[in-house]
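S.K.: how does the following fold in three dimensions:
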Amino acid sequence: MKERLFGIGDRVLKGFLSAGADQAIIIPSHVERLMVRFSNNKTTVVQNWSVMGIDALTLFGRKKVITRLEDLSEEGIRKCVERAVKSAPLVSDAETITDIEATRFPDRCSPQAIDPEVINDCVSASIGAALREGGERSAGVFNAEVRRVALLTSSGGEGYDERTAFELNVRAFAGEGSGQGLTCATEMRNLDAERAGGEAGRIAGMSKECARWSEGSYEVILGPIIFANLIERVGDASSAFSVEAGVSFLAQKIGEKVASEALTIEDDGSDPEGINSRTFDDEGVALRKTTLIDCGKMVTYLHNKSTAKRFGTTSTGNAGWVAPSPWNLKVSAGAMSMEEMIRETRSGVFVVSNWYTRFQNYATGDFSTICRDGTFLIDGGEVKGALRGVRISDNLPRILASIRQASSDRRWVRWWEVRTPSLVPAVLAPGVRLTKAQGS
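M.R.: Got it, this is the predicted structure:
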């Protein structure tokens with residue numbers, strides 16, 4: 001596959017340069033994916049994808065043209081080049097033009113392949129664990145992926161990166177109660193399907209007994225799944241593109257306190273255990289670890305070469321030709337386990353998961369999100385009952401600043417509500433405003 005990607009990429013690169021492009025970056029990729037869905041304790045859907053395509057950035061003077069090509073025939077390449085050439089005069093001059101890298105990266109290959117039999121065993125193990133721990137039925141999805149990415153530049157830059165990613169998300173149901181568990185990793189051996197299923201079943205069983213509650217401000221423990229969802233929003237707000245577009249609550253905050261001193265947040269695209277890790281970004285810059293927030297203080301935004309030039313700094317290796325974005329987010333651990341945090345909480349609420357996070361104002365960080373699959377009242381350090389119809393309606397910068405404790409145990413989280421892989425603890429935050437969802 002490597003040779004094929006480079007062969008097609010070279011044809012596209014030569015086509016653009018022959019048509020008058022001054023510089024170009026060509027990124028051929030191949031994604032192989034297997035999805036297994038299950039419901040009512042049985043596998044219901046098995047689906048495969050194999051997608052090959054090319055993303056291209058071409059420069060015609062000060063005109064930047066970005067193209068996506070999936071028809072890789074000679075005719076498809078010719079038409080793609082023609083469209084780019086015709087589009088260039090219609091594009092406004094780019095504010096910043098930067099040199100294209102000539103770095104040659106060593107190949108990075110994955111020894112793993114997608115094994116349907118092992119995946120089936122994982123699904124079966126998660127279903128069995130969910131039923132043993134209190135679930136009456138379960139549903140979920142297993143996604144397996146092999147992503148191969150090549151890099152060719154008109155300056156002679158070159159690279160090849162191949163990675164695998166596996167994620168299992170399980171929901172269990174018991175009466176009107178539900179629970180969620182998940183596991184994700186870059187290697188199958190690091191998945192814990194029984195733990196994911198067991199957590200979903202246990203939470204569903206605990207959710208059968210309801211407790212009464214009223215709207216107000218509560219001391220809240222946010223489990224890793226919901227906290228990862230909020231941290232992903234911090235990653236988005238850390239993009240220099242979001243700052244320039246006026247949709248970041250972290251704008252004009254470099255050097256200022258934006259979170260609790262208990263929080264250090266990093267983006268790390270070089271971690272071999274990071275599901276989104278890669279050797280190079282879309283501009284051929286080497287990926288690395290970047291500290292965004294250090295003990296509560298904002299350190300830097302995420303940059304590609306263009307935003308870095310406008311901000312008077314250097315690329316952080318987060319291109320995105322248009323918008324820099326995080327690769328894998330990591331939050332520092334604390335000193336107390338999540339179970340100890342619950343025991344130390346006299347009165348509060350524990351939230352496992354959430355759906356549908358929406359911002360009323362991106363620039364200020366006002367948001368709401370619906371708590372799903374496990375929300376519990378804590379009284380005297382014990383979980384007393386499940387809460388129904390809970391919505392968090394608050395301000396994300398306020399919550400970040402109020403966090404008093406982070407758990408010592410961290411988990412990788414990725415699922416359909418968290419697309420940026422995040423290694424996060426549970427956190428304890430006081431004064432979180434809880435409202436009742438419509439109809440509850």
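
S.K.: helices of the stretch 251-400 of the chain, start to end?
M.R.: 305-311, 338-344, 396-402 (DSSP state H, counting those that start in this stretch).

S.K.: now Asn318: phi and psi?
M.R.: phi -120, psi 20 (degrees, to the nearest 10).

S.K.: residues contacting it?
M.R.: By C-beta atoms under 8 Å, 6 or more residues apart in numbering, Asn318 lies in contact with 239, 267, 269, 281, 290, 302-304, 324-327. Placement of C-beta: from N, CA and C, glycine included.

S.K.: before we move on, back to that, could you redo the helices of the stretch 251-400 of the chain as a markdown table and give each row distance to Cys371 and mean neighbour count?
M.R.: Formatted as a markdown table, those follow (distance: least, C-beta to C-beta, whole Å; neighbours: other C-beta atoms under 10 Å):
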| stretch | distance to Cys371 | mean neighbour count |
| --- | --- | --- |
| helix 305-311 | 35 | 20 |
| helix 338-344 | 16 | 17 |
| helix 396-402 | 14 | 20 |
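
S.K.: just the contacts of Asn318: which are in strands?
M.R.: 267, 290 (DSSP state E).

S.K.: can you redo the helices of the stretch 251-400 of the chain as CSV with mean pLDDT?
M.R.: Putting these into CSV (pLDDT from 0 to 100) gives the following:
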stretch, mean pLDDT
helix 305-311, 96
helix 338-344, 93
helix 396-402, 98
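
S.K.: of all those, which lies closest to Arg388?
M.R.: For Arg388, the closest of the helices of the stretch 251-400 of the chain is helix 338-344, at 19.8 Å, according to C-beta to C-beta.

S.K.: quick check: domain ranges of the protein?
M.R.: Here the domain assignment for the chain is 2-194, 213-227+333-436, based on automatic domain parsing.

S.K.: which one of these is the most hemmed in?
M.R.: Greatest average neighbour count among the domains of the chain goes to domain 213-227+333-436 (a mean of 20), per mean count of other C-beta atoms under 10 Å.

S.K.: and it, how far apart are its ends?
M.R.: Terminal residues of domain 213-227+333-436 lie 9 Å apart, using C-alpha to C-alpha, to the nearest Å.

S.K.: got it, and stretch 392-401?
M.R.: In stretch 392-401, first residue to last residue: 16 Å (C-alpha to C-alpha).

S.K.: just stretch 278-288 next, same as before
M.R.: End to end - C-alpha to C-alpha - stretch 278-288 spans 9 Å.

S.K.: in that stretch, which residues are buried?
M.R.: The neighbour-count check on stretch 278-288 (16 or more other C-beta atoms under 10 Å) flags 278-287 as buried.

S.K.: residue ranges with poor pLDDT in the stretch 301-440 of the chain?
M.R.: Along the stretch 301-440 of the chain, the parts satisfying pLDDT under 70 run over 438-440.

S.K.: dump the residue contacts of the closest residue to Ala308 other than its chain neighbours.
M.R.: In space, and not counting its chain neighbours, Ala308 is closest to Ser315: 4.7 Å by C-beta to C-beta, 6 or more residues apart in numbering. The contact partners of Ser315, by C-beta under 8 Å, 6+ apart, come to 281, 283, 285, 303-305, 308.

S.K.: now Glu283: how far from Gly223?
M.R.: Distance of Glu283 to Gly223, computed by C-beta to C-beta, to the nearest Å: 36 Å.

S.K.: low-confidence stretches in the stretch 101-250 of the chain?
M.R.: In the stretch 101-250 of the chain (pLDDT under 70), no residue qualifies.

S.K.: what's across from the nearest residue to Val383 once chain neighbours are set aside in the sheet?
M.R.: Nearest residue to Val383, sequence neighbours excluded (C-beta to C-beta, 6+ apart): Phe376, at 4.6 Å. For Phe376, the beta-bridge partners are Phe350, Ala386 (DSSP bridges).

S.K.: you'd agree Phe376 is up against Ala386?
M.R.: Yes. The criterion here is C-beta atoms under 8 Å, and Phe376 meets it with Ala386 at 5.7 Å.

S.K.: shared neighbours of the two, anything?
M.R.: 206-207, 211.

S.K.: tabulate these (TSV), appending distance to Val413 and neighbour count.
M.R.: Below are the shared contacts of Phe376 and Ala386 laid out as TSV (distance: C-beta to C-beta, whole Å; neighbours: other C-beta atoms under 10 Å):
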residue	distance to Val413	neighbour count
Met206	20	19
Ser207	20	26
Ala211	26	16
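
S.K.: gap between the two ends of stretch 390-401?
M.R.: Across stretch 390-401, first to last residue, C-alpha to C-alpha, it's 22 Å.

S.K.: how far off centre is stretch 29-49?
M.R.: 20 Å (C-alpha atoms, centre = their mean, to the nearest Å).

S.K.: how far does it stretch from start to finish?
M.R.: Stretch 29-49 end-to-end distance (C-alpha to C-alpha) = 13 Å.

S.K.: contacts for it, please.
M.R.: Around stretch 29-49, the neighbours that count as contacts under C-beta under 8 Å, 6+ apart are 1, 4-5, 50-55, 114, 116, 119-120, 123, 127, 131, 137-150.

S.K.: much appreciated, bye for now.
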